[in-house]
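>>> No sequence on hand, only this structure:
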């Protein structure tokens, strides 16, 4: 009789663990939109720009404990952020374009419907420069590599559908940095 009680207790514990793990593990996909602030430093000045970031991401999480998981993220976003400066002698335009991200994350299940996470990874963004003066016009694009760190929360809306809110900071090479606050909707498969 004790054996049956032990087996029943173990089965109940594994079902509870599986229910928690199901909320924080497996594949997921997200659509994102939000505020984008970009700053590029020059010798004595900086080019600050605000705009809208938009895009999507995918990820996969593996439960490592009943309320914790580790995972990987991939993301492609764009931005409407651009900087312009113009005077009678010259004009300069900087358009902050696509951003590619790949990284890892740790998720904690705070409650049945709320997951909190932290992430860090590699990112690459493209910046397009245009300019004119009395004798010269130029256009060129450059890629900048960087490191992104972020924190966020996911709240279950219905079944596998969730809403998300995330803050992240990215530090790129070349005195370029970015602060973003993004909202999203996601689906956990």
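In hand now; what should we look at? What you are looking at is a predicted structure, and each value in this text was computed from that prediction instead of being measured. Residues are numbered from 1 along each chain as shown.
>>> Residue 47 is in contact with residue 85, correct?
Yes. Here residue 85 reaches residue 47: they are 7.4 Å apart, a contact under CB atoms under 8 Å. The C-beta positions use only the backbone N, C-alpha and C, and glycine is treated the same way.
>>> tell me the mean pLDDT for stretch 27-36?
Average pLDDT, stretch 27-36: 97.
>>> next one: stretch 104-117
In this model, stretch 104-117 has an average pLDDT of 96.
>>> buried sites along that stretch?
Buried residues in stretch 104-117, counting neighbours by 16 or more other CB atoms under 10 Å, are found at 105, 107, 109, 115, 117.
>>> what's the closest of those residues to residue 149?
Set against residue 149, the nearest of those by CB to CB is residue 105 (10.5 Å).
>>> how close does the closest one get to residue 160?
18 Å (CB to CB, to the nearest Å).
>>> just residue 189 next, same as before
For residue 189, the distance to residue 160 - CB to CB - is 7 Å.
>>> Looking at these two, which is more packed in?
In this view residue 189 and residue 160 are compared by other CB atoms under 10 Å, and residue 160 has more residues nearby, 14 against 8.
>>> what's the more buried one sitting at in phi/psi?
Main-chain dihedrals, residue 160, degrees, to the nearest 10: phi -80, psi 0.
>>> Following element in sequence after the lengthiest strand in the chain, please.
Secondary structure of the chain per DSSP state E: the longest strand is strand 137-158. The C-terminal neighbour of strand 137-158 among helices and strands, as given by DSSP states H and E, is strand 161-172.
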